[in-house]
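[1] Got a predicted structure here, sequence first:
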Amino acid sequence: MLSIASYDDNGRISRDGTVSTTSARGAKGDPATWPDLSAPGEGIISACRVYFGVCDAVGSNPENGPGSTDLATYWTGSGTSWAAPHVAGIIALLLQVRPRATPAQLDAVLKMTAYRYRDGAPYRRTGGSFSSYDKGAGLVDAYAAALAFGAARA
């Protein structure tokens, strides 16, 4: 199981943003509660049908889709719930590179290749890697993780 912090690029399309104000954080003195990684989680647009109560509970600014019956089918949200699906998608892509990868290998490569952005608490060595109570090992880097798993350079 991975715990994901929410990252905000502050509209700059940059890897040197901040930990989202809506992000969950761990307890400063307890590394077991710290997030594993950070992923984009601020102002994320996602599909959701208006008749699902969760859309209004976690999102805002509903927009219509392309079809005449696609009313309020896209919502904007922020937070860890919007960041975690990015990592799930990256794991699916990594399994295309290495189909027999174990959960431990996936965990290790994602943490090892994460981009250490500077905002928030400093990184500390915990176990065999560096982490922070508010952002984990850093911002997930799908490309670096795929290369580490043996993908061909693009």
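    Looks like it arrived, so ask away. Residues are numbered from 1 along each chain as shown.

[2] alpha carbons only for contacts and neighbour counts from here, please
    OK.

[3] pull the helix or strand with minimum mean pLDDT from the protein.
    Sorting the helices and strands of the chain by mean pLDDT, DSSP states H and E puts helix 53-58 at the bottom, at a mean of 73.

[4] List the pairing partners of the helix or strand just after that helix within its sheet, with orientation.
    Proceeding N to C from helix 53-58, the next assigned helix or strand is strand 60-63, under DSSP states H and E. Here strand 60-63 is paired, per DSSP bridges, with strand 74-77 (antiparallel).

[5] Show residues contacting the partner strand.
    41-49, 55, 58-65 (Cα atoms under 8 Å, 6 or more residues apart in numbering).

[6] quick one: D141 and A114 touch, right?
    Yes: D141 lies in contact with A114 (Cα atoms under 8 Å); the separation is 5.3 Å.

[7] For stretch 12-29, buried residues please.
    15-20, 22-26 (16 or more other Cα atoms under 10 Å).

[8] tell me what the longest helix along the chain is packed against?
    The helix that spans the most residues within the chain, counting by DSSP state H, is helix 80-97. Secondary-structure packing of helix 80-97 (3 or more Cα pairs under 8 Å, 6 or more residues apart in numbering; DSSP states H and E): strand 4-8, strand 37-40, helix 142-148.

[9] Please list all residues in contact with the most centrally placed residue in the chain.
    In the chain, the residue lying closest to the centroid (Cα atoms, centre = their mean) is A39, at 2.4 Å. A39 makes contacts with 4-7, 83-84, 86-87, 139-140, as judged by Cα under 8 Å, 6+ apart.

[10] how close does the residue lying closest to A83 once chain neighbours are set aside sit to N64?
    Excluding the flanking residues, the one nearest A83 by Cα to Cα, 6 or more residues apart in numbering is G41, at 4.1 Å. Computed as Cα to Cα, to the nearest Å, the G41 to N64 distance reads 21 Å.

[11] again, but for G79
    Separation of G79 from N64 (Cα to Cα) stands at 22 Å.

[12] who's in contact with the least confident helix or strand of the chain?
    So helix 53-58 is in contact with 48-50, 75, 77-78, going by Cα under 8 Å, 6+ apart.
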